[in-house]
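Enquirer: When you get a sec, could you give me coordinates for this:
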Amino acid sequence: MGSSGKWQVPKTIGKPINTSYYEDGACLSPDGNTLYFVSERPEGFGRGDIYMSKKISSSEWSNPINLGPTVNTEEDEGGIFIAPDGKTLFFCSEGHNSMGSYDIFKTVFENGKWTTPVNVGYPINTLSSEKSFILSTDGKTAYVSSDRKGGIGERDIYRVDMNNYAILEKDGKFKPNSGLSILKGSIFNSDGQGTEALIEIVDESGQKAGTTSSNTDGNYFITLPGDKKYTLKLNIKGFDPISETVQLPFNKDKTYSLAKDFILHKANLSAH
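Expert: Residues are numbered from 1 along each chain as shown. Coordinates of the predicted model:
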């Protein structure tokens, strides 16, 4: 969607994401830097495999990497959704330990590799076919598509109350203040126009908490653990560097969203 509030004409992502084979289900990580998608290109482990690609620029992506045999099987994988925590991937598969036909599984990127997929179980999965799962930022609501009995058509969308199901936790138990908040905003140049820029985010200990990039309209969006201070750093060639600290609140009842805008000022190249 452009700055006018209207949807723009769709544009192909092009190579190397798209090929002459079947590609489907593109899903962008919360920081906008990683694209997950399904492809039936022949170098995979089965029919449809899950791949990932890193963002190089607003129009360029790295060569896709297959998530490997821990995640992909000889059967079909699809229905991908990367959770707001940026590391938990939900997908559907006919392989692994499916209850029946397609089931929803989750895997977590830990220590540089994906964990063995876990069936998320009943009542999300049934003996019918469940093909997609999406979790809200606050983790309290999920949406799943299924052809289980009682629906209106062939495949229906169901809403799931997740208040008593800590699906992002290993032990399934809720952790105090473990939720995420949203940090978003716009970046403008000195002429008041939205501009592309890379934002580095550092936590109070000085550790890198993440990076995100604004789009061509200058808008950026990232999810981060709430109730913390973060320093946002912008070092754009030709502009004065920016370093500002923000307090990102957390709300246990609803997802907190903090808007922070930046204006880039041209560097004074003649200054000594």
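Enquirer: How is this structure partitioned into domains?
Expert: Domain segmentation of the chain under automatic domain parsing yields 23-161, 180-263.
Enquirer: Could you list the low-confidence segments of this protein?
Expert: Residues of the chain meeting the criterion pLDDT under 70: 1-5, 100, 174-178, 269-272.
Enquirer: tell me, what residue is most central in it?
Expert: Centroid-nearest residue in the chain, with Cα atoms, centre = their mean: Ser29, separated by 2.4 Å.
Enquirer: Quick one: the strands in the stretch 1-150 of the chain, in order.
Expert: Using DSSP state E, counting those that start in this stretch, the strands of the stretch 1-150 of the chain run over 23-28, 34-39, 49-57, 60-61, 65-66, 77-82, 88-93, 103-110, 113-114, 118-119, 130-135, 141-146.
Enquirer: Check those for me and report the most buried one.
Expert: Across the strands of the stretch 1-150 of the chain, averaging neighbours per residue (mean count of other Cβ atoms under 10 Å) puts strand 88-93 on top, at a mean of 25. Backbone N, C-alpha and C define where each C-beta goes, glycine included.
Enquirer: when you compare where that one runs with where strand 103-110 runs, what's the angle?
Expert: Relative orientation of strand 88-93 versus strand 103-110 (axes from the mean of the first three to the mean of the last three Cα atoms, to 10 degrees): 150 degrees.
Enquirer: partner strands of strand 88-93, parallel or antiparallel?
Expert: The strands beside strand 88-93 in its sheet (DSSP bridges) come out as strand 77-82 (antiparallel), strand 103-110 (antiparallel).
Enquirer: Using CSV, lay out the ones you listed together with distance to Val71.
Expert: CSV is the format used below for the strands paired with strand 88-93 (distance: least, Cβ to Cβ, whole Å):
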stretch, distance to Val71
strand 77-82, 7
strand 103-110, 6
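Enquirer: among those strands, which is nearest Asp261?
Expert: strand 77-82 (26.3 Å; Cβ to Cβ).
Enquirer: How about residues contacting that closest one?
Expert: If you take Cβ atoms under 8 Å, 6 or more residues apart in numbering as the criterion, strand 77-82 is touched by 24-25, 27-30, 34, 36-38, 46, 48-50, 71, 88-93, 95, 102, 104, 131-135, 145.
Enquirer: switch the cut-off to 6 Å
Expert: Here strand 77-82 makes contact (Cβ atoms under 6 Å, 6 or more residues apart in numbering) with 25, 27, 29, 36, 38, 48-50, 89-93, 131-134.
Enquirer: what about that strand, distance to the chain center?
Expert: 11 Å (Cα atoms, centre = their mean, to the nearest Å).
Enquirer: got JSON lines for the domains of the chain, with distance to Thr12 too?
Expert: Listed next are those as JSON lines, based on distance: least, Cβ to Cβ, whole Å:
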{"stretch": "domain 23-161", "distance to Thr12": "10"}
{"stretch": "domain 180-263", "distance to Thr12": "16"}
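Enquirer: Now do the helices in the stretch 151-272 of the chain.
Expert: Assigned by DSSP state H, counting those that start in this stretch, the helices in the stretch 151-272 of the chain number zero.
Enquirer: thinking again about what came up before, quick one, which of the strands paired with strand 88-93 gets closest to Gly185.
Expert: strand 77-82 (21.7 Å).
Enquirer: Tell me which of the domains of the chain lies nearest to Gly172.
Expert: Counting by Cβ to Cβ, Gly172 lies closest to domain 23-161 out of those; the figure is 9.8 Å.
Enquirer: mind listing what's buried in stretch 255-271?
Expert: Across stretch 255-271, burial judged by 16 or more other Cβ atoms under 10 Å covers Thr255, Tyr256, Leu258, Lys260, Phe262, Leu264.
Enquirer: Next one: the third one from Leu28, what distance?
Expert: For Leu258, the distance to Leu28 (Cβ to Cβ, to the nearest Å) stands at 20 Å.
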